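Trainee: return a 3D structure for these sequence lines:
(2 chains)
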Amino acid sequence: MQIAARRLDQVTIFDITGHIDLANSPELRKVLLKELRETKTPRVILNLTGVRYIDSSGVASLVEGLKAARDQGLRFILYGLSPSAREVLQLSRLIKIFEVFDNEQQALA
Amino acid sequence: MHNRGLLLDLTLVSDPQLLCVVRAAIERLTEVSGFSPPECRSITRAVDEAMANVMRHAYGGSPDKRIDVSCKRISGMVNGVHREGLEIELLDQGLPFDQKKLTARSLDEVKPGGLGLHFIRDSMDVMEHSHKNGVNRLRLVKYFSADGKGQKPQGE
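Mentor: Residues are numbered from 1 along each chain as shown, chains lettered A, B, ... in the order given. Purely as a prediction, here's the structure:
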């Protein structure tokens, strides 16, 4: 998994590529919580276009990010979900709690 | 040794970095076995989550313990109907399964964690576990759909 950050005005977009699993989900969690709890960027967007697989530990990291965002009154947005990533969020019934968009333009609107 | 139906036999250490290797193998195996793309993803997810559970819970995060994964084609009568399927068996020598932890959490709760078991149960037709002579055995089975898909292995 690779994570690259793009910082715009009041928005940070994390471009994530690869697989999110037990081997690297702690790193994702750390990056998200730092951005949300310390930097407190008003809108944090995850570009998941390049993510082919997310396991339950990855989903847990996303839920922790969402909870941290809510605690701080920030927005936490996902876009570009692959079929596998969408299935996992649907299976866990968590897709309805996230703000999910198809593309970056929608996520930034 | 009786290996009838054996398709794949892997031995690996309990290092999470190797999960992607197992996923790649299972995904390809399910593809050539004739499962549909959603079924391939589903079976791969189940095996990945089961492996992760062994690494985290049975071995407590130690990355150098042994895990055996075998996959075989099976057939037989299920509820009076002849079915064919893929059986995946995971063996480890870690801590025994904790029955209390084998209860998947409610999906109505919004909290991190506890989803892996739910994913496995949702994906597979059979999930059985046992602990004997210090070995944990997890048996997962996915049957081919009744419309005949996947009845024969398919090549490239």
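Trainee: can we go C-alpha only for contacts and neighbour counts from here?
Mentor: Will do.
Trainee: which regions of chain B lie under the pLDDT threshold?
Mentor: Screening chain B residue by residue with the criterion pLDDT under 70, one finds the ranges B:1-3, B:99-113, B:147-156.
Trainee: can you map out the helices along it?
Mentor: Chain-ordered helices for chain B, with DSSP state H as the definition, fall at B:19-33, B:37-53, B:116-123.
Trainee: centre-most residue in chain A?
Mentor: The centre of chain A sits closest to A:L46, judged by CA atoms, centre = their mean, with a distance of 4.0 Å.
Trainee: wait, it sits on A:T17?
Mentor: No: using CA atoms under 8 Å, A:L46 is not in contact with A:T17, being 10.5 Å away.
Trainee: just the helices of chain B: most buried one?
Mentor: Burial among those, expressed as mean neighbours by mean count of other CA atoms under 10 Å in any protein chain shown, is greatest for helix B:37-53, which shows a mean of 22.
Trainee: any residue of that helix touching chain A?
Mentor: Yes: judged by CA under 8 Å from any CA of the partner chain, helix B:37-53 comes into contact with chain A at B:R41, B:R45, B:D48, B:E49, B:A52.
Trainee: give the contact list for the third one.
Mentor: Right, the one you point to is B:D48. Contact analysis of B:D48 by CA atoms under 8 Å, 6 or more residues apart in numbering or on different chains lists A:D55, B:L19, B:V22, B:R23.
Trainee: can you name the two of those that sit furthest apart?
Mentor: Between any two of these, the greatest separation by CA to CA is 13.5 Å, found for A:D55 and B:V22.
Trainee: to B:H82, which of the helices of chain B lies closest?
Mentor: Distances from B:H82 to each of the helices of chain B were compared using CA to CA; the minimum, 17.7 Å, belongs to helix B:19-33.
Trainee: same for the closest one, what does it pack against?
Mentor: With contacts defined as 3 or more CA pairs under 8 Å, 6 or more residues apart in numbering or on different chains; DSSP states H and E, the secondary structure elements packing on helix B:19-33 are helix B:37-53.
Trainee: how far does the helix it packs on sit from the chain's center?
Mentor: Between the centre of helix B:37-53 and the centre of its chain there are 7 Å (CA atoms, centre = their mean, to the nearest Å).
Trainee: just for chain A, where's the confidence low?
Mentor: Ranges of chain A meeting pLDDT under 70: none found.
Trainee: spell out which residues of it are next to chain B.
Mentor: By CA under 8 Å from any CA, the residues of chain A that approach chain B are A:19, A:21-23, A:55-57, A:59-61, A:63-64, A:84, A:91-94.
Trainee: now, of these, which are buried?
Mentor: Among those, those classed as buried by neighbour count (16 or more other CA atoms under 10 Å in any protein chain shown) are A:19, A:21-23, A:55-57, A:59-61, A:63-64, A:84, A:91-92, A:94.
Trainee: tell me which of these is nearest to B:V13?
Mentor: Sorting those by how near they are to B:V13, with CA to CA, puts A:A23 at the top with 13.5 Å.
Trainee: and for that closest one, nearest residue in space, chain neighbours not counted?
Mentor: Spatially, and ignoring its direct neighbours in sequence, A:A23 is nearest to B:P16 (4.8 Å; CA to CA, 6 or more residues apart in numbering or on different chains).
Trainee: residues near that neighbour, how many?
Mentor: 20 (other CA atoms under 10 Å in any protein chain shown).
Trainee: which ones are touching it?
Mentor: For B:P16, the contact set (CA under 8 Å, 6+ apart) comprises A:L22, A:A23, B:A52, B:M55, B:P63.
Trainee: for those residues, which one is nearest B:I120?
Mentor: Looking at those and their distance to B:I120, the nearest is B:A52, at 11.4 Å (CA to CA).
Trainee: for the residue nearest to that closest one when sequence neighbours are not counted, what are phi and psi?
Mentor: Using CA to CA, 6+ apart and skipping the chain neighbours, the partner closest in space to B:A52 is A:L22 (6.7 Å). The phi/psi pair for A:L22 (degrees, to the nearest 10) reads phi -60, psi -30.
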